[in-house]
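# after the sequence you'll find the predicted model.
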Amino acid sequence: MIDAHLHVDLLNPAFLKRLAPDVVGNPRNMAEALGKEMAEAGITQALAMGREQGTDEDPLGIRGTLEVARFVPGLHPVGVADCCRTDSAHMGRAEEELRQRRVKALKVYAGYTPAGPDDPTYWPYYQLADRYGLPVIVHTGDTPVARAKVRFAHPLLVDEVAVEFPAVRFVMAHFGYPWLTDAAEVVYKNDNVWVDLSGLLMGDRDFFEDPARDKMLGRLVERVAEALDYMGKPDRVLYGTDWPLVPMRAYRDFIHRIIPEENWSMVFEENARKLFAL
Ligand SMILES: [Zn+2]
């Protein structure tokens with residue numbers, strides 16, 4: 001199975017709560033923690049989102065991921081499209097990185113950065129994605145960061161760029177939650193948009209197993225399943241967790257409740273394998 005959305009290089013302490021303190025900033029320990037959960041959940045390949053801002057030496061913010069990937073076979077970096085850096089020198093360095101073919105997609109942290117995916121500052125990155133045949137993953141929906149501006153993360157902004165760049169394949173991370181119907185419509189209408197099911201919830205194992213939450217989880221399962229039903233395109237749905245924000249096995253079991261069993265192989269593996277050429 002493939003986890004199409006996780007993180008091994010996070011800076012925000014709120015996102016690192018589930019990890020032991022000696023894991024943060026230590027690639028070998030991070031790899032061990034991740035590898036253990038991947039094995040438990042049956043995950044063999046995963047895409048790790050890059051760090052929000054790159055540097056001259058690391059234009060797509062993937063260095064932290066590459067350090068962990070040395071110890072985790074099947075872990076691939078996703079480069080970050082930094083809307084604040086689009087000068088030709090930076091874009092040249094970004095292209096140099098893409099030429100090495102290690103990066104499997106680009107990531108737009110919409111909302112976390114004050115620009116929607118439709119902002120023209122991102123366009124040089126979409127041109128690169130087009131040239132190198134790489135999908136672009138866009139954060140859509142809620143963020144737990146109060147300073148983020150959530151209107152920039154609305155799924156309808158992905159429709160804008162999906163139309164402008166018909167040759168680029170876009171992934172709306174987190175299914176645009178809570179704008180599920182809007183996200184479903186964008187996939188229904190466009191031939192070049194996918195969704196991932198990562199990060200619909202945040203919590204530890206107790207959170208998922210607490211009987212007091214069962215009703216709430218059941219309602220969420222119904223709402224997501226209804227939106228997927230409306231969308232009617234199971235071949236455009238990707239499994240992802242947003243690890244370390246959730247435990248891998250508990251999250252897999254939660255998504256099992258949403259996806260009809262006959263679509264598991266597509267959603268948990270084949271769709272990502274095709275989209276990211278894994
Ligand atoms: Zn994420």
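Happy to help now that I have it.
# what's around residue 98, how many residues?
Residues near residue 98, counting by other CB atoms under 10 Å, number 19. The C-beta positions use only the backbone N, C-alpha and C, and glycine is treated the same way.
# any idea how far it is from residue 133?
10 Å (CB to CB, to the nearest Å).
# and the contacts of stretch 181-195?
With contacts defined as CB atoms under 8 Å, 6 or more residues apart in numbering, stretch 181-195 is touched by 135, 140-141, 154-156, 158-159, 162-163, 165-173, 175-177, 227-228, 230-233, 236-238, 271, 275.
# make a ChimeraX selection of the buried ones in these.
Those of the contacts of stretch 181-195 that count as buried under 16 or more other CB atoms under 10 Å are selected in ChimeraX with:
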select :135,140,141,154,155,158,159,162,165,168,169,170,171,172,173,175,176,177,227,228,231,233,236,237,238,271,275
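# so which of the contacts of stretch 181-195 sit within strands?
Using DSSP state E, the subset of the contacts of stretch 181-195 located in strands is 170-173, 237-238.
# okay, stretch 201-214 in PDB with CA atoms only?
C-alpha atoms of stretch 201-214 as PDB (Å, rounded to 0.1, in the frame of the first residue of the first chain):
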ATOM      1  CA  LEU A 201      -8.700  14.000  11.700                       C
ATOM      2  CA  MET A 202      -5.700  14.500  14.100                       C
ATOM      3  CA  GLY A 203      -5.200  12.300  17.200                       C
ATOM      4  CA  ASP A 204      -3.300   9.500  18.800                       C
ATOM      5  CA  ARG A 205      -4.400   5.800  19.100                       C
ATOM      6  CA  ASP A 206      -6.600   6.500  22.100                       C
ATOM      7  CA  PHE A 207      -8.400   9.200  20.100                       C
ATOM      8  CA  PHE A 208      -9.400   6.600  17.400                       C
ATOM      9  CA  GLU A 209     -10.300   3.900  19.900                       C
ATOM     10  CA  ASP A 210     -12.300   5.900  22.400                       C
ATOM     11  CA  PRO A 211     -15.900   4.600  22.300                       C
ATOM     12  CA  ALA A 212     -17.100   8.100  23.200                       C
ATOM     13  CA  ARG A 213     -15.900   9.300  19.800                       C
ATOM     14  CA  ASP A 214     -17.400   6.400  17.800                       C
END
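# for that stretch, buried residues please.
In stretch 201-214, counting by 16+ other CB under 10 Å, buried: 201, 203, 208.
# what of stretch 177-191?
Neighbour counts over stretch 177-191 (16+ other CB under 10 Å) mark 177, 179-180, 182-187, 190 as buried.
# can you tell me which of these is nearest residue 255?
residue 177 (13.0 Å; CB to CB).
# which other helices and strands contact the helix-or-strand element of the chain with minimal mean pLDDT?
None of the helices or strands of the chain scores lower by mean pLDDT, DSSP states H and E than helix 205-209, at a mean of 92. Contacts defined by 3 or more CB pairs under 8 Å, 6 or more residues apart in numbering; DSSP states H and E place helix 205-209 against helix 248-258.
# go again with 10 Å.
helix 214-231, helix 248-258 (3 or more CB pairs under 10 Å, 6 or more residues apart in numbering; DSSP states H and E).
# now those helices as TSV including mean pLDDT and distance to residue 77?
Converted to TSV, those look like this (pLDDT from 0 to 100; distance: least, CB to CB, whole Å):
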stretch	mean pLDDT	distance to residue 77
helix 214-231	97	28
helix 248-258	97	19
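# dump the ones you listed to a markdown table, plus distance to residue 148.
Below are these laid out as a markdown table (distance: least, CB to CB, whole Å):
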| stretch | distance to residue 148 |
| --- | --- |
| helix 214-231 | 22 |
| helix 248-258 | 22 |
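# which one of those lies nearest to residue 80?
helix 248-258 (23.0 Å).
# mind listing what residue 52 touches?
Residues counted as contacts of residue 52 (CB atoms under 10 Å, 6 or more residues apart in numbering) are 9-12, 61, 80, 82, 107, 109, 112-113.
# now with 6 Å, please.
Taking CB atoms under 6 Å, 6 or more residues apart in numbering as the criterion, residue 52 is in contact with residue 109.
# quick one: it from residue 270, how far?
In terms of CB to CB, residue 52 sits 30 Å off from residue 270.
# residue 29 sits in which helix or strand?
With secondary structure defined by DSSP states H and E, residue 29 is part of helix 27-41.
# lovely, talk soon.
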